[in-house]
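Asker: predicted model follows, preceded by the sequence.
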Amino acid sequence: MDDLKAKYLDAIGVAPDENALEELRVQAVGKKGEISLRMRELGKMTPEERQTAGPALNALKDEINSALAAKKAALSDAALDERLKTEWLDVTLPARDRRLGTVHPVSQVWEECTAIFADMGFAVSEGPQVEDAWYNFDALNIPGHHPARAEMDTFYMHRAEGDDRPPHVLRTHTSPVQIRAMQAQGAPIRTISPGRVYRADYDQTHTPMFHQVEGLAIDRDISMANLKWVLEEFFTAYFGRTVKTRFRASHFPFTEPSAEVDIQCSWEGGTVKVGEGDDWLEVLGSGMVHPKVLSAAGVDPAEWQGFAFGMGIDRIAMLKYGIPDLRAFFDSDLRWLRHYGFSALQVPTIRGGV
């Protein structure tokens, strides 16, 4: 046993790595190791011999196992020391630049509009972007011969040959959401419906896909005066200064009377400044909801009336933040996004936007 002890303790002491150490463990105390085989021979010994050899073999096995564990820990520490010599960090160096994404102007203004209208008691309604032609046109009193229903203006999704059902369209406004909201909730109701809309148009101020926010308020005694107050409150909160509005008579199939709404502005050096000057800029359409639209949505026009309005989120973002070209909103240019984007920590306030 002394020879075995000396043999394995010496070998363990000079083992170069954990693989060699594992081989020594198998040779010494594995199932077929030398010490294990010696312990199997205890059964052939006399009781007197077992009383002497048994404790000695157990002590030897424990000592070998302890030596193996100590050597393994020493090898691990040495390996860690070697690794730390090559893997080190100078904590006195300045931090690396961390590029952060930005909030898109459309998302920012979407949130600003939601916050401002929420302060005036408007809920938010949503609906599908692939819309039934009845919701997109017929329920809104848009007749079949209206130019908006032509394929040059609207994206149609035609059905398979032999299917005679009317085609679906990519919604041209978020007004269908108002119909769905009135059908689901009835009157009274006060809601806005922001979302993506689609029209076949593309130039500096038009894109095939853009964003709108439309508002609807239905009650028993709502008038155009309420509409004017809501819009002036919105523009004042959004632009952070008092903004006057001007209503011009117009025509929309879904409102009667209808009005185009202009906001006060001035033009200086090719840029527009809202809330000052003697010029006017058209920004949205509005009016009192047509009785036929109320009837289509299941609301009795003899008992209820209200106003509706709609504006482009992209357009008012351009006005507030001085963005010259609408097409750049959808170009995914990182330089543009970093310049016009917003920090995620710039949370819109109820009154001031950002």
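Answerer: Cool, got the structure. The structure displayed is predicted, hence computed values, not measured ones. Numbering: from 1, shown residues only.

Asker: hmm, Arg38 is touching Leu57, no?
Answerer: Yes: between Arg38 and Leu57 there is a contact at 5.8 Å, judged by CB atoms under 8 Å. Placement of C-beta: from N, CA and C, glycine included.

Asker: identify the contacts common to those two.
Answerer: Met1 (CB atoms under 8 Å, 6 or more residues apart in numbering).

Asker: compare the two (neighbour count), which wins?
Answerer: More crowded of Arg38 and Leu57, by other CB atoms under 10 Å: Leu57, with 19 against 16.

Asker: quick one, helices of the stretch 201-350 of the chain?
Answerer: Assigned by DSSP state H, counting those that start in this stretch, the stretch 201-350 of the chain shows helices spanning 224-239, 291-296, 313-321, 334-340.

Asker: out of those, nearest to Gly30?
Answerer: Checking these against Gly30 by CB to CB gives helix 334-340 as the closest, at 61.7 Å.

Asker: quick one: average confidence on that closest one?
Answerer: Helix 334-340 shows a mean pLDDT of 87.

Asker: in it, what counts as buried?
Answerer: 337, 340 (16 or more other CB atoms under 10 Å).

Asker: equivalent analysis for stretch 267-274, please.
Answerer: 273-274.

Asker: ends of that stretch, what's the gap?
Answerer: 9 Å (CA to CA, to the nearest Å).

Asker: which of the helices of the stretch 201-350 of the chain is buried the deepest?
Answerer: Mean neighbour count (mean count of other CB atoms under 10 Å) peaks for helix 313-321 among those, with a mean of 20.

Asker: and it, what does it pack onto?
Answerer: For helix 313-321, the elements it packs on are helix 105-119, strand 209-219, helix 224-239, strand 271-274, strand 279-289, judged by 3 or more CB pairs under 8 Å, 6 or more residues apart in numbering; DSSP states H and E.

Asker: next, the angle from that helix to helix 105-119.
Answerer: 90 degrees (axes from the mean of the first three to the mean of the last three CA atoms, to 10 degrees).

Asker: keeping just the C-alphas, turn helix 313-321 into CSV.
Answerer: Only the C-alpha atoms of helix 313-321 are listed here, as CSV (Å, rounded to 0.1, in the frame of the first residue of the first chain):
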residue,chain,number,x,y,z
ILE,A,313,-50.6,62.5,-39.6
ASP,A,314,-47.7,62.7,-42.0
ARG,A,315,-48.8,66.2,-43.1
ILE,A,316,-49.0,67.7,-39.6
ALA,A,317,-45.7,66.0,-38.7
MET,A,318,-44.1,67.9,-41.7
LEU,A,319,-45.6,71.2,-40.5
LYS,A,320,-44.4,70.8,-36.9
TYR,A,321,-41.0,69.4,-37.4
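
Asker: how far out from the middle of the chain is that helix?
Answerer: In terms of CA atoms, centre = their mean, to the nearest Å, the centre of helix 313-321 is found 21 Å from the chain centre.

Asker: average pLDDT across it?
Answerer: Helix 313-321 shows a mean pLDDT of 91 in the predicted model.

Asker: cool, and stretch 192-204?
Answerer: The average pLDDT within stretch 192-204 is 85.

Asker: residues in contact with that stretch?
Answerer: 110, 113-114, 117, 122-127, 129, 151-155, 170-175, 177-178, 181, 206-216, 313, 325-327.

Asker: tell me how far the ends of stretch 160-167 are from each other?
Answerer: Using CA to CA, the two ends of stretch 160-167 sit 10 Å apart.
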